[in-house]
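Enquirer: Fold the following and give me the result.
(2 chains)
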Protein chains: 2
Amino acid sequence: MSVDQLSATFAALADPTRRAILARLAKGEATVTELAAPFEMSLPAVSKHLKVLERVGLIARGRSAQWRPCRLEPGPLRDANEWLASYRRFWDGGFDRLDEHLRELQRGQEEQKDADDE
Amino acid sequence: MSVDQLSATFAALADPTRRAILARLAKGEATVTELAAPFEMSLPAVSKHLKVLERVGLIARGRSAQWRPCRLEPGPLRDANEWLASYRRFWDGGFDRLDEHLRELQRGQEEQKDADDE
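Expert: Residues are numbered from 1 along each chain as shown, chains lettered A, B, ... in the order given. The predicted structure follows:
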């Protein structure tokens, strides 16, 4: 189900180490040992993060039993980006929001004036 | 810390009800009762989701003690979108990837040929 996939993607992204692993894989394939190098973490701890990323489909692993290099799979990131894109107008449309805010302020003052007149 | 904020934002988004609440607030402010209406959930359950969203800064609530209408705060969504944007080339650049893939295939065939020749 697509809603659950999106939840799973966001949950997988809610960890700085997993995001750092994805950032590394954006530069190219890497083995578990290569991925573990920049972190002060054991290989099993890194493997655990990789399993989370693989289950969600954010990475895929090679077939070679010895190396099994990891690579980025952009599909779930694209879907997460699409979800966020529908909110883009809230930060792109700064002027519209200011305009709306000013109109609201004005409306409030008019209502106050009407209330005072009554 | 900005890394933790991003983790907290993604964790908050990893729930379909919370995403539906944000989608509703994208249309305008709403009270807890209005937000609860489309869900088969108790008001306390919805309030719990709102607290998560408020703590992360994805929503803000009005001061009026009686209504406390909720409104969308786009800042954390913008930051999450910025993080995802650095991966956009992976789905926008479809042709480049295909090209790379074909080159890899070719390289594999050449290596196979070299191995056969030896």
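Enquirer: Could you list the low-confidence segments of chain A?
Expert: Chain A contains residues with pLDDT under 70 at A:1-3, A:65, A:93-118.
Enquirer: Close to chain B: what parts of it are there?
Expert: Residues of chain A that fall close to chain B, judged by C-beta under 8 Å from any C-beta of the partner chain: A:3-4, A:6-11, A:13-16, A:19, A:22-23, A:26, A:72, A:74-75, A:77-78, A:80-81, A:83-88, A:90-91. Where C-beta positions appear, they are placed from N, C-alpha and C, glycine not excepted.
Enquirer: how about 7 Å then?
Expert: A:3, A:7, A:10-11, A:13-16, A:26, A:72, A:74, A:77-78, A:80-81, A:84, A:87-88, A:90-91 (C-beta under 7 Å from any C-beta of the partner chain).
Enquirer: from memory A:Leu84 sits against B:Ala80, does it?
Expert: Yes - if you go by C-beta atoms under 7 Å, A:Leu84 and B:Ala80 touch, sitting 6.0 Å apart.
Enquirer: Compare those two (neighbour count), which wins?
Expert: Taking other C-beta atoms under 10 Å in any protein chain shown, A:Leu84 and B:Ala80 do not tie; B:Ala80 has more neighbours (24 against 18).
Enquirer: give me the element the residue nearest to A:Trp83 when sequence neighbours are not counted is part of.
Expert: Sequence neighbours aside, A:Leu6 is the residue nearest to A:Trp83 in space, at 6.1 Å (criterion: C-beta to C-beta, 6 or more residues apart in numbering or on different chains). Using DSSP states H and E, A:Leu6 sits within helix A:2-13.
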